[in-house]
Structures are given as structure tokens and as C-alpha cells.
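A.B. asks: need a 3D model of the sequence below.
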Amino acid sequence: MNEKLLIFISLLLIPLSGLGIDLYSPSLPAIAAYFQVPSYYAKLTISVYLLGFGFGQLIFGTASHSFGRKKSLLVGLALFFIGSILATTTHNIYVLYTMRVLQGLGAASASAISKALITDMFTGKKLYITMNYLVTAWATGPIIAPFIGGYMQFYFGWQANFYLYAAYAALLLLMTGLRLNETIKERTTLRPAMIARNFRIILSNPQFFSGVICLGLGYSTIVIFNVAGAFLIQKTLGYNAIFFGKIALLVGVAYFSATFLNRFLVQIISPATLMSVGLCLMLVFSGLYLVFAYSFLLSIYTVVTPVFLIIFSTGFIFSNIMSKCLS
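C.D. replies: Take a look at the predicted model:
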């Protein structure tokens, strides 16, 4: 298979998981109003998506070894497409939850298999370079998506973002079906006992398990801002969806800048030191956020400034712990 085409398809696949949250986060207040439910119910659409995404990676990552990358990916993308289309037709918040689970499962296939495609085809230095491309593509999602989603919400309503999801999934389905060749060289038989043993070995590793917990907590800072920030900035402070999208763009730049800077600093400073610095900065800026929250009148500056600094600090933690866990 053409290597450049494989990289191009992988680069399109990898942002799908983040888009499932970031693109429509500006629409959360509008979704609560549309379904006439408290904001808590709208925020749960993020939780159920992540639930599907978490379990989906276990399912599709395992299935792709037995049934092939291409078939597994086509099934996952089809689930994402169906969930996106049906979400626009419902008037019941619980049906929307179901569609979000389908989207999460589908996004998981893109996340897990895009990395597998690269490791199937490349080794050594070329693998390292290509994986850097994937990390960069993944990091750009939280930067661009809320900005686009804010405009879609303001001019067309919350359903527009789900139509955009469906269009993106349809494009990926078309490219995968017509241009992607199977990359796995040797398929394995699906044996539940062997799968359970492998998971047990991985999860019993204290460094890996603690790293995963740190990654989850670090990534949650971005998710929490996208969920709570949408209501805080739009409902409490009175700004529109477009303005929130611009703020989310700014916060995304903070994370991207830290990961980009980390790539250079890691050449002269150990990853462990950078992680420690990142953690200390997070503690300091989180304390600053509490001081602002309890000492000053709530404003866009007292909300965004500490969040920007907290997310910037997360970039040093996430990049280095991810590398450690993968190794």
C-alpha cells in the first residue's frame, strides 16, 4: 500500500475521538434547552460518549487483530455515522445518550486502529516520525473543533454539528472502503482466555496503571473545561457560542504549545523532571484559580487566565506519561 496514503488516512482518523467532544461542546446549553432538561443531563452526553469510547477501544483493538484492521474500522465508522444521523432526529434525551454511545464506540475504532495501521507498516525511526504526525493531528482537534462548533451552533443549531460528524464519518468510510488495504500481516485467533491474561499482565504493572490514572486525570481538565465552561461562559457570563469557541481555541493553543515545547525540552531535560515541573505548575495555577474564584468578581479574565495556565501545564504531563505508558 502507498505509504503516504496510509499516513493521510491515519491523520484523518486520529482526531475523530476528540471531535466527538470538542466540536459540539459549544452546543451543550442549547441541547439542555432543546430537550427541556437541566444542564446536568446535557453534560451526561459527554460522559456516555466517553464510556462508549473507553469500552470500544478494548473491543475494536482486540477485534482488529482477529478480523483485520479494515473490516473492524469499517464497522466502527458505520456505527459513528449511524449514531450521528439518528441523533439529529430525536426529541428524547435518553435516545440521544444511546446515539452518543454509538459515536463513542465508532470513535474508539478510529483511535485504536489508526495507531495499529502505523505500527503495522513502519518500524524504527520512521515509526517515531510518523507517530509524531499522529500526535500533532490529535492535538489540533481540541484547538480547531470548538471554534468551528461555536459558529455551527450560532448560525444553524446543535443538530448542525451532528450533520458535520456524519459527513466526516462518511468521508472516512469512503476512503477506508475504496483506498485502504489490509495492513495486518498475521491475524490471531480470538481466544478470551488469552485476551484476559494479556489484560491482567498490563493492568498489574504498577507504572502503567498509575500512568493511566494520571493520563485520565490530566485529560479530564480539558474535558471539564469544555463541559462546564460552555455553561459558565454562555449562561453565567452571557457570551454567545461563537465567543466560547474562540476561548476554547485559546485554551487549545495552550495545550498544543506545551506539547510542542516539550518535544524540544525533553532533549535536554529528563521526562521525569518535566512531569514534576508540570505537576507543580498545575498545583500553583489551580490554587490561583481558587483565589480568583473566592476573592474576585467572576469575569471572563478570572475564569480563562488560570484555566489557560492549568491546561498549559497539563501538556508537559500528558506527553511524557503517554510515552512512558506506550514504552
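
A.B. asks: for the helix or strand containing residue 105, packing partners?
C.D. replies: Assigning secondary structure by DSSP states H and E places residue 105 in helix 93-121. Helices and strands touching helix 93-121, by 3 or more Cβ pairs under 8 Å, 6 or more residues apart in numbering; DSSP states H and E, are helix 3-13, helix 16-22, helix 28-35, helix 39-67, helix 69-87, helix 124-156, helix 159-179. Heads up, the C-betas are built off the backbone N, CA and C, glycines and all.

A.B. asks: highest mean neighbour count out of these?
C.D. replies: helix 16-22 (a mean of 25; mean count of other Cβ atoms under 10 Å).

A.B. asks: and the contacts of it?
C.D. replies: 46, 49-50, 53, 80, 103-104, 106-108, 110-111, 138, 141-142, 145-146, 149, 165, 168-169, 172, 223, 226, 248, 252 (Cβ atoms under 8 Å, 6 or more residues apart in numbering).

A.B. asks: need the helix or strand of this structure with the lowest average pLDDT.
C.D. replies: Lowest mean confidence among the helices and strands of the chain (mean pLDDT, DSSP states H and E): helix 124-156, at a mean of 81.

A.B. asks: same for it, what does it pack against?
C.D. replies: helix 3-13, helix 16-22, helix 93-121, helix 159-179, helix 206-231, helix 241-265.

A.B. asks: out of these, nearest to residue 277?
C.D. replies: Among these, helix 241-265 comes nearest to residue 277, with 9.1 Å by Cβ to Cβ.

A.B. asks: quick one: work out the angle between that closest one and helix 28-35.
C.D. replies: Angle, helix 241-265 to helix 28-35, by axes from the mean of the first three to the mean of the last three Cα atoms, to 10 degrees: 140 degrees.

A.B. asks: now do the buried residues in helix 241-265.
C.D. replies: For helix 241-265, the neighbour count (16 or more other Cβ atoms under 10 Å) marks 241-252, 254-256, 258-259, 262, 265 as buried.

A.B. asks: list the helices and strands that helix packs on?
C.D. replies: helix 124-156, helix 206-231, helix 271-295, helix 300-326.

A.B. asks: low-confidence ranges, this protein, go.
C.D. replies: Counting by pLDDT under 70, the chain has low-confidence residues at 1, 125, 128, 132, 326-327.

A.B. asks: so what's the residue lying closest to residue 262 once chain neighbours are set aside up against?
C.D. replies: Excluding its sequence neighbours, the residue lying closest to residue 262 (Cβ to Cβ, 6 or more residues apart in numbering) is residue 319, at 4.7 Å. By Cβ under 8 Å, 6+ apart, the contact set of residue 319 is 135, 258, 259, 262, 263, 266.

A.B. asks: measure residue 10 to residue 53 for me?
C.D. replies: 18 Å (Cβ to Cβ, to the nearest Å).

A.B. asks: likewise residue 93?
C.D. replies: 19 Å.
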